[in-house]
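Colleague: for reference, the sequence and a predicted model appear below.
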Amino acid sequence: MKSLFLTKIEIDHETAYKAGLRDSYAWHQKTWQAFPGRDGEPRDFLTRLDETDGGFRLLIMSAGEPVRPDWCPECAWQSKSVPDSFFAHGTYRFSLLANPTKKVRSDKSGQLLKNSRRMPLSRREDLLDWLRRKSETAGFTFGFEKTRTVPRPRQTFIKKGEAGVHSATEFVGVLEVTDPEAFQRSAVCGIGPAKAFGFGMLCLSPV
């Protein structure tokens, strides 16, 4: 496995506006500029975007070192390698910005749809059950009662002239590692759908 790097970009609203960073798809496209010369290659990085008091904070977890893109001021760029020992702990505080959905194969009348579609989950019980299913293959467990589910604003975007939207929920709590290899793989590859749009990155702090 390549060395992992965690990169943080913090920019104000004016810098984001000048760079054309107006929706999640624009951030997706601009983030690719940190990995030049890779047109057509699979994406091997995760991102998470949070709005701050003065602007935005973008986190990038990547398999390989990124380079600072022109739109990012030098003072706004921080990148460091993640030591292998970081994944040697058994317990972590975690925050996961996710796009929890379920596949729907019929409409409200029960009529089967030609193509299944994804619908967002909103009830706390459904959200925690979604995370439980994901955690079974991601190598960790978590406490239902102590895990917070925080609604986040929906993310709208324009891609190839078509409007789209993603629902968002932040999970915050403490997890216990049950399968170190699967856990590290999930930290690298992400959890759930819409990873290209800033979802699925586990933010971890050892306990």
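Modeller: Alright, I've got the coordinates.
Colleague: which strand runs longest in the protein?
Modeller: For the chain, the strand with the greatest residue count under DSSP state E is strand 162-177.
Colleague: can you pull the buried residues of it?
Modeller: Buried residues in strand 162-177, counted by 16 or more other Cβ atoms under 10 Å: 166-171, 173, 175, 177. Just so you know, the C-beta spots here come from the backbone N, C-alpha and C atoms, and that holds for glycine as well.
Colleague: so which of these is the closest to residue 65?
Modeller: residue 177 (26.2 Å; Cβ to Cβ).
Colleague: so the closest one sits against residue 86, correct?
Modeller: No: here residue 177 does not reach residue 86: they are 11.9 Å apart, not a contact under Cβ atoms under 8 Å.
Colleague: touching both of these two, which residues are there?
Modeller: Counting by Cβ atoms under 8 Å, 6 or more residues apart in numbering, no residue touches both residue 177 and residue 86.
Colleague: packing partners of the next helix or strand after the longest strand of the chain?
Modeller: Going down the chain from strand 162-177, the next helix or strand is helix 180-189, by DSSP states H and E. Counting contacts by 3 or more Cβ pairs under 8 Å, 6 or more residues apart in numbering; DSSP states H and E, helix 180-189 packs against strand 55-63, helix 124-138, strand 202-206.
Colleague: winner for burial among those?
Modeller: For the helices and strands packed on helix 180-189, ranked by mean neighbour count under the definition mean count of other Cβ atoms under 10 Å, the leader is strand 55-63 at a mean of 19.
Colleague: quick check: closest non-adjacent residue to residue 164.
Modeller: The shortest distance from residue 164 to any non-neighbouring residue, by Cβ to Cβ, 6 or more residues apart in numbering, is to residue 157 (5.3 Å).
Colleague: so where does the one you found fall, helix or strand?
Modeller: Per DSSP H and E: residue 157 is located in strand 148-159.
Colleague: look up how far residue 58 lies from residue 173.
Modeller: From residue 173 across to residue 58, the span is 23 Å (Cβ to Cβ, to the nearest Å).
Colleague: for the strand holding residue 157, which strands pair with it and how are they oriented?
Modeller: Next to strand 148-159 in the sheet, as set by DSSP bridges, lie strand 162-177 (antiparallel).
Colleague: let me see the residues that make contact with stretch 74-89.
Modeller: The list of residues contacting stretch 74-89 from outside it, by Cβ under 8 Å, 6+ apart, reads 3-11, 15, 61, 65-66, 68, 177, 180, 183-184, 187, 204, 206-207.
Colleague: need the buried ones from these selected in ChimeraX.
Modeller: Buried residues among the contacts of stretch 74-89 (16+ other Cβ under 10 Å), as a ChimeraX selection:
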select :4,5,6,7,9,10,11,15,61,66,68,177,183,184,187,204
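Colleague: just name the shakiest helix or strand of the protein by mean pLDDT.
Modeller: strand 112-120 (a mean of 66; mean pLDDT, DSSP states H and E).
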